[in-house]
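with the sequence up front, the predicted model follows.
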Amino acid sequence: SQQGEEDPQALSIQEGENATMNCSYKTSINNLQWYRQNSGRGLVHLILIRSNEREKHSGRLRVTLDTSKKSSSLLITASRAADTASYFCATALIQGAQKLVFGQGTRLTINP
Amino acid sequence: EPEVTQTPSHQVTQMGQEVILRCVPISNHLYFYWYRQILGQKVEFLVSFYNNEISEKSEIFDDQFSVERPDGSNFTLKIRSTKLEDSAMYFCASGARDNYNEQFFGPGTRLTVL
């Protein structure tokens, strides 16, 4: 089974619109983190949401977590061309596991 | 702002050769990780390292792989005899680990095995 699956796989919107990406997972988690990756580059940590949190904001980013549905969403408001990148969710499991399990990612394209 | 650094940014090697990928984690972090990303695929966990020993490793991390923290600042990944399928982007990450495992990644080393 796959842990951390994003949808859609690709999203293309106009600059200024909001972008919503979703992530689902299968097992209980300690926290969920969202990362951004520009093409061929490193992973930039965006936001971490703990299992006892439901919503978190950071600038134009809003993350929600629904542990009953085992899902999370990342909302980017007022998108900019510079937001074009791949976005990954990564889960840290309970039981002391330290590793992050990444999803396939959503490729976001912001059209000017 | 402190960041994780990795060298080299790109390494090309012949199949069967040994490679060492280097990382300098954030200075006050205690937990260190290696991940890899084969082109077009998801990021995969390789190994975690704490208190000078491996704390967890994946199935990918077989006997051809080893990690070391040779001094107080560097963290290295060695691949003893590279295979074509080892071609990937290798990411180092470090974390302070309160209870929440926030990990900060380096820019990656692109390894190409010919």
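That came through, no problem.

what parts of chain B come near chain A?
Residues of chain B found near chain A (C-beta under 8 Å from any C-beta of the partner chain) are B:31, B:33, B:35, B:41-45, B:48, B:50, B:55-56, B:58, B:89, B:91, B:93, B:95, B:97, B:99-108, B:110. Yep, even glycine has a C-beta here, placed from its N, CA and C like the rest.

tell me the pLDDT at the residue nearest to the spatial centre of chain B?
Of all residues in chain B, the one closest to the mean position by C-alpha atoms, centre = their mean is residue B:34, 3.1 Å from it. Per-residue confidence (pLDDT) for residue B:34: 97.

mind listing what it touches?
Contacts for residue B:34 (C-beta atoms under 8 Å, 6 or more residues apart in numbering or on different chains) come out as B:21, B:23, B:46, B:47, B:67, B:77, B:90, B:91, B:92, B:93.

show me the beta-bridge partners of the first one.
In this structure, residue B:21 has beta-bridge partners residue B:77, where bridges are defined by DSSP bridges.

same check, this time on residue A:44
Here residue A:44 shows beta-bridge partners residue A:36, assigned using DSSP bridges.

that one contacts residue A:36, doesn't it?
Yes. Contact criterion C-beta atoms under 8 Å: residue A:44 and residue A:36 qualify, at 4.7 Å.

when the two are compared, which one has more neighbours?
Between residue A:44 and residue A:36, residue A:36 has the larger neighbour count (other C-beta atoms under 10 Å in any protein chain shown), namely 21 against 14.

and the more buried one, how far from residue A:46?
According to C-beta to C-beta, to the nearest Å, residue A:36 stands 6 Å off from residue A:46.

and for those two, which residues touch both?
Overlap of the contact sets of residue A:36 and residue A:46 (by C-beta under 8 Å, 6+ apart) consists of residue A:87.

in this structure residue A:16 contacts residue A:78, no?
Yes. Using C-beta under 8 Å, residue A:16 makes contact with residue A:78 at a distance of 6.0 Å.

if I pick residue B:77, what's in contact with it?
For residue B:77, the contacting residues are B:20, B:21, B:23, B:34, B:46, B:47, B:65, B:66, B:67, B:90, B:92, by C-beta under 8 Å, 6+ apart.

and residue B:99, what pLDDT?
Reading off the model, residue B:99 has pLDDT 54.

please read the previous query as pertaining to residue B:104.
89.

before we move on, what about residue A:2?
Taking residue A:2 on its own, its pLDDT is 45.

of the contacts of residue B:34, buried ones?
With neighbours counted using 16 or more other C-beta atoms under 10 Å in any protein chain shown, the contacts of residue B:34 contain these buried positions: B:21, B:23, B:46, B:47, B:67, B:77, B:90, B:91, B:92, B:93.

all set now, cheers.
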